[in-house]
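J.: fold the following for me, if possible:
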Amino acid sequence: MYETIQILHSYLAYVALAVLLFAVANAITGRVGKRIFNMNKDLRLSLFALILCHIQLLIGLILYFISPNGFSAIQEFGMGGLTSAARLLAVEHPTVNILAIVAITIGWSRHKKFVEGDKKFKSIAIFYGIGLLLILSRIPWNQ
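T.: Numbering: from 1, shown residues only. Okay, the predicted model is just below:
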């Protein structure tokens, strides 16, 4: 079961990152191009990115508690006994990615309060962009 969830978490990460990157690029081009916020395209793209990131977080949390590299590593070695690679998987990766999902969720919630497309695009671009940068900063690329 662990291997299946790990593979799902790994492959879904690429899909979630691609959609999130596309949502950020769409929001930036919409703001720069002074487009009207389209409820079909722009709203759905942002919502799809939000949903995929939340699904990825849930799968990651399940993986965190069943993986030998997650919570069990902290229990076994303690916080001081973790190597830098183990600390990345057990502490930094989950913490920073939870903060990234919080930023993305704040961006989604803020954009709903605005009527003007410019402010909607700005909110999505800033908060989804922060979330994207945080996620990219803590991906264990070498593993």
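
J.: any stretches of this structure with poor pLDDT?
T.: The model of the chain has pLDDT under 70 over residues 71-79, 84-86, 90, 142-143.

J.: run through who's touching stretch 50-61.
T.: In this structure, residues lying in contact with stretch 50-61 by Cβ atoms under 8 Å, 6 or more residues apart in numbering are 5, 8-9, 12-13, 15-16, 19-20, 94, 97-98, 100-101, 104-105, 108, 131. The way it works is simple: take the backbone N, C-alpha and C, and place the C-beta from them, glycine included.

J.: what comes up buried for that stretch?
T.: Within stretch 50-61, the residues that count as buried by 16 or more other Cβ atoms under 10 Å are L50, L52, C53, Q56, L57, I59, G60, L61.

J.: strands - which of the residues you listed land there?
T.: Counting by DSSP state E, no part of those is found in strands.

J.: okay, these in a markdown table with distance to I139 next?
T.: Output for those, formatted as a markdown table (distance: Cβ to Cβ, whole Å):
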| residue | distance to I139 |
| --- | --- |
| L50 | 19 |
| L52 | 15 |
| C53 | 13 |
| Q56 | 12 |
| L57 | 14 |
| I59 | 15 |
| G60 | 11 |
| L61 | 16 |
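
J.: quick check, nearest of these to M1?
T.: Looking at the buried residues of stretch 50-61 and their distance to M1, the nearest is I59, at 12.3 Å (Cβ to Cβ).

J.: quick one on the thing from earlier: so which of the buried residues of stretch 50-61 sit within helices?
T.: Residues of the buried residues of stretch 50-61 located in helices (DSSP state H): L50, L52, C53, Q56, L57, I59, G60, L61.

J.: out of those, who's nearest N38?
T.: L50 (16.7 Å).

J.: now the closest one: how far from L61?
T.: 17 Å (Cβ to Cβ, to the nearest Å).

J.: A49 now?
T.: For A49 relative to L61 (Cβ to Cβ), the value is 19 Å.

J.: buried sites along the top helix by length along the chain?
T.: The single longest helix within the chain, with elements called by DSSP H, is helix 2-32. For helix 2-32, a neighbour-count test (16+ other Cβ under 10 Å) marks 6, 9, 12-13, 16-17, 19-21, 23-24, 26-28, 30-31 as buried.
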